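Colleague: dropping the sequence and predicted coords here.
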Amino acid sequence: QVSLVESGGGLVQPGGSLRLSCVASGLTFSRSAMGWFRQTQGKDRELISGISWSGTSIYYEKSVKGRFTISRDNDKKMVYLQMNALEPEDTAVYYCAARYNDFDTVPYVFESYGQGTQVTVSS
């Protein structure tokens, strides 16, 4: 059974930084693409960043490109999202996601999600 557990969310002022972490178990992590989604009230969950299993293919949604950085550690089975220059519009629940992938690419659809961690950007 796949388990994804996020941590690192919290309250931060505009312009501040947070680092989200996700530890994975129950999957072949070294062959799984990983992603970070976020969801605000009344909206669909959206993929904001993804990383292929080798780390060579990375995707960022336009609104976070240049501010957020995704990375992974296959030995520790962890994926990270470094978030800088945070804006109130980044306030959301952030979810870690995984998908076993035959190809070393970032898929559009993921299979498993964590419980989420709240990020609130407010002064």
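Modeller: Noted; the coordinates are in hand. Only a predicted model underlies this, so the values are computations on that prediction, with no experimental measurement involved.

Colleague: ok, and the closest non-adjacent residue to residue 86?
Modeller: Spatial nearest neighbour of residue 86, chain neighbours left out: residue 121 (4.6 Å); criterion: C-beta to C-beta, 6 or more residues apart in numbering. Every residue, glycine included, has its C-beta placed from N, CA and C.

Colleague: right, and the one you found touches residue 13 too?
Modeller: Yes: counting by C-beta atoms under 8 Å, residue 121 touches residue 13, with 7.3 Å between them.

Colleague: who has more neighbours out of these two?
Modeller: Using other C-beta atoms under 10 Å as the criterion, residue 121 and residue 13 rank with residue 121 on top: 19 against 10.

Colleague: which stretches of this protein form strands?
Modeller: 3-7, 10-12, 18-25, 32-39, 46-51, 58-60, 68-73, 78-83, 92-100, 112-113, 117-121 (DSSP state E).

Colleague: please produce CSV containing the ones you listed, extended by distance to residue 106 and mean pLDDT.
Modeller: Formatted as CSV, those follow (distance: least, C-beta to C-beta, whole Å; pLDDT from 0 to 100):
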stretch, distance to residue 106, mean pLDDT
strand 3-7, 16, 97
strand 10-12, 27, 97
strand 18-25, 16, 98
strand 32-39, 6, 98
strand 46-51, 4, 97
strand 58-60, 4, 98
strand 68-73, 10, 98
strand 78-83, 12, 98
strand 92-100, 9, 97
strand 112-113, 15, 97
strand 117-121, 21, 98
